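Novice: no FASTA, just this:
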């Protein structure tokens, strides 16, 4: 009978124990790596969810919030409501005016289910539910997935011990999941009433007041927005001349010249000379000409056809077209 080799036995036990720890650590590291991948995927999906809900909130705010905004959430659904944000302002106004007409046709009992304070809460609750459901689906919540039978084995106990050591790293990953809070709901006063106006076409910007107080409010907001646009882009700074600033000239050049400003295209000096030509033709300073071009661009990009604004550049083009037309007219007898 062979003699029992205690050294070999305990050495084997030790090696087996080390192997168990190594395997447990490998499993734990793989789990953390997969968790990071899932986190990145989920954060990307949450960003899309957040964008949809923010757009829906924006549309609800634009109509004044309240019961009508809650009606839109219920009748259109958040995805369809968010899609309104990508329409031109004139198309969006027409769609919302139609929805308003349907809303006002509801019986009092039907209208009563929509409350003045429920709109933003509905959007926020929907966002929170979708984010939480996505995190659970992708395994980005703290859970113990190990069965009781496995947990009671030596291998299971070793894995639990290693996982506990890795838990702070796991929590760090989980804490970076999520897109943050939605935009704050700020309903526009008079937004609901303004839907009746401006649905038939662009509103002449300088005559906005003739279309009612609500349209005038929108124009006032546009004026404030344009001033912010000038300041944010450093087109207009105290103590500087709007016309003489290079970044302003280049921006204007990129609006009026098909190929823009840059190598192989127009230069900053070309823009300056062009503004001088327009200035002389319309009898306005180059600064005002440049500012009117920027304003026309801002209103079109922001309000997408809601307003009809005529810049000094537009006047110059109209005058030039009229002059060319007169030159092309055939000469009459006796001239």
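Specialist: Here it is on my side, so go on. Keep in mind that this is a model prediction, so the values were computed, not measured.
Novice: Which residue ranges of the stretch 201-335 of the chain form strands?
Specialist: Here the stretch 201-335 of the chain has its strands, by DSSP state E, counting those that start in this stretch, at 203-204, 307-308.
Novice: Show the pLDDT at residue 267.
Specialist: Looking at residue 267, its pLDDT stands at 94.
Novice: list the contacts for it?
Specialist: Neighbouring residues of residue 267 by Cβ atoms under 8 Å, 6 or more residues apart in numbering: residue 261. C-betas here are computed from N, CA, C, even on glycine.
Novice: and the gap between it and residue 296?
Specialist: Computed as Cβ to Cβ, to the nearest Å, the residue 267 to residue 296 distance reads 23 Å.
Novice: Kindly report the same for residue 210.
Specialist: Counting by Cβ to Cβ, the gap from residue 210 to residue 296 is 20 Å.
Novice: Give me the more crowded residue out of those two.
Specialist: A direct count of neighbours by other Cβ atoms under 10 Å for residue 210 and residue 296 places residue 296 higher, at 20 against 10.
Novice: residues near residue 234, how many?
Specialist: Here the count is done by other Cβ under 10 Å, and residue 234 has 11 residues near it.
Novice: could you list every residue that touches the nearest residue to it once chain neighbours are set aside?
Specialist: Excluding the flanking residues, the one nearest residue 234 by Cβ to Cβ, 6 or more residues apart in numbering is residue 247, at 6.4 Å. By Cβ under 8 Å, 6+ apart, residue 247 lies in contact with 233-235.
Novice: Residue 191: neighbour count?
Specialist: 22.
Novice: does the nearest residue to it once chain neighbours are set aside count as helix, strand or coil?
Specialist: Sequence neighbours aside, residue 64 is the residue nearest to residue 191 in space, at 3.7 Å (criterion: Cβ to Cβ, 6+ apart). Here residue 64 is coil, with the state taken from DSSP: H, G, I helix; E, B strand; the rest coil.
Novice: What of residue 188?
Specialist: Using three-state DSSP, the structure places residue 188 in coil.
Novice: measure residue 44 to residue 319 for me?
Specialist: Counting by Cβ to Cβ, the separation of residue 44 from residue 319 is 52 Å.
Novice: Comparing these two, which shows the higher neighbour count?
Specialist: Per other Cβ under 10 Å, whichever of residue 44 and residue 319 has more neighbours is residue 319, with 13 against 10.
Novice: Not counting its neighbours along the chain, what's nearest the more buried one?
Specialist: For residue 319, ignoring the flanking residues on the chain, the nearest one in space by Cβ to Cβ, 6+ apart is residue 281 at 6.4 Å.
Novice: isn't the one you found right next to residue 318, touching?
Specialist: No. Between residue 281 and residue 318 there is no contact, the gap being 10.7 Å when judged by Cβ atoms under 8 Å.
Novice: Looking at those two, which has the bigger crowd around it?
Specialist: residue 281 (15 against 11).
Novice: contacting residues around that one?
Specialist: The neighbours of residue 281, taking Cβ under 8 Å, 6+ apart as the test, are 316, 319-320.
Novice: Also residue 108?
Specialist: Counting by Cβ under 8 Å, 6+ apart, residue 108 makes contact with nothing.
Novice: same deal with residue 219?
Specialist: By Cβ under 8 Å, 6+ apart, residue 219 lies in contact with 205, 208-209, 307.
Novice: okay, and the helix or strand of this structure with the least pLDDT?
Specialist: None of the helices or strands of the chain scores lower by mean pLDDT, DSSP states H and E than helix 148-151, at a mean of 38.
Novice: care to break this structure down by domain?
Specialist: Annotated domains of the chain cover 7-174, 208-328 [automatic domain parsing].
Novice: Those domains: which one's closest to residue 184?
Specialist: Residue 184 lies closest to domain 7-174 among the domains of the chain, at 8.6 Å (Cβ to Cβ).
Novice: Quick one: the helices in the stretch 1-150 of the chain, in order.
Specialist: Remark: helices assigned in the stretch 1-150 of the chain by DSSP state H, counting those that start in this stretch are 6-62, 66-76, 78-83, 89-104, 108-111, 119-137, 148-151.
Novice: which of these has the lowest average pLDDT?
Specialist: Taking the mean pLDDT of the helices of the stretch 1-150 of the chain, helix 148-151 comes last: a mean of 38.
Novice: quick one on the thing from earlier: let's have the contacts of residue 247 in JSON lines, adding pLDDT and distance to residue 102.
Specialist: Formatted as JSON lines, the contacts of residue 247 follow (pLDDT from 0 to 100; distance: Cβ to Cβ, whole Å):
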{"residue": "233", "pLDDT": "83", "distance to residue 102": "41"}
{"residue": "234", "pLDDT": "81", "distance to residue 102": "46"}
{"residue": "235", "pLDDT": "82", "distance to residue 102": "43"}
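Novice: out of the residues you listed, which one sits closest to residue 82?
Specialist: Residue 82 lies nearest to residue 233 out of the contacts of residue 247, by Cβ to Cβ, at 27.7 Å.
Novice: wait, what's in contact with that closest one?
Specialist: Applying Cβ under 8 Å, 6+ apart, the residues near residue 233 are 247, 251.
Novice: where does the stretch 101-250 of the chain have low pLDDT?
Specialist: Low-confidence segments of the stretch 101-250 of the chain (pLDDT under 70): 116-117, 138-179, 196-201, 237-244.
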